[in-house]
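[1] dropping the sequence and predicted coords here.
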Amino acid sequence: MKNNSFKPASVEAYWITPDGVILPVVNTHIDMIFDNPLLFGLTEDYIYTVYDGYNEAYRIEGNARREILIDLFKKGWIRARKYHRPYRWTINVFSVTDYSASILKKFASALIEKGHSLYDEVLLDTWTGRGNYILEDLQGDIKSIPIDKILE
């Protein structure tokens, strides 16, 4: 086999803006930030400075990426990706507030309209904990469902 790289054909990933606009990610979340820093309210200098501070290669998924993502989550950005092992969505949001819950509801509805099952598993990852849900849960009152696992 000449090409040993494997990328599932149905990988889905999104950024959701603080205003609730759902943006598809073509390659990786960090690539989208590097390619469109102004969209995220960042500067190229900031991104490169963070990476240089960790002495990491640009665009890799290390400590610099983590710092930049946390900064964006604090500003209201939401990151979503469908994984295949295990098969589930992971959604990163800083915290579940009335506003972010309304955006998650809109996102879940858009996925269901696109053909995803109400029963697609979702790992909701916040600053203070993680919770396991299904898309149907996100369409309801997510704030009434407790986060069931504290982050390490």
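    Great, that's in hand. Remember, predicted model here, so these are calculated numbers, not experimental data.

[2] now stretch 111-125: buried residues?
    L111, I112, D120, E121, V122, L123, L124, D125 (16 or more other C-beta atoms under 10 Å). C-betas here are computed from N, CA, C, even on glycine.

[3] which of these sits closest to L42?
    Nearest to L42 among these, counting by C-beta to C-beta, is D125 at 21.4 Å.

[4] hey, what's the residue nearest to that closest one when sequence neighbours are not counted bridged with?
    Sequence neighbours aside, N92 is the residue nearest to D125 in space, at 4.9 Å (criterion: C-beta to C-beta, 6 or more residues apart in numbering). In this entry, N92 is beta-bridged to R79, D125, by DSSP bridges.

[5] how many residues are close by N92?
    Here the number of neighbours of N92 (other C-beta atoms under 10 Å) works out to 20.

[6] ok, it to W127 distance?
    Separation of N92 from W127 (C-beta to C-beta, to the nearest Å): 9 Å.

[7] repeat that for N55.
    Going from N55 to W127 by C-beta to C-beta gives 26 Å.

[8] could you do V11 as well?
    Distance from V11 to W127, by C-beta to C-beta: 26 Å.

[9] what of D98?
    D98 is 17 Å from W127, by C-beta to C-beta.

[10] one more: T90?
    According to C-beta to C-beta, T90 stands 15 Å off from W127.

[11] ok, back up a step: more neighbours, D98 and W127?
    Shown here are D98 and W127; by other C-beta under 10 Å, W127 has more neighbours (12 against 9).

[12] excluding residues flanking it in the chain, which one is nearest the more buried one?
    That would be F94: by C-beta to C-beta, 6+ apart, it lies 5.3 Å from W127.

[13] what do you get for S117?
    Nearest residue to S117, sequence neighbours excluded (C-beta to C-beta, 6+ apart): L135, at 7.0 Å.
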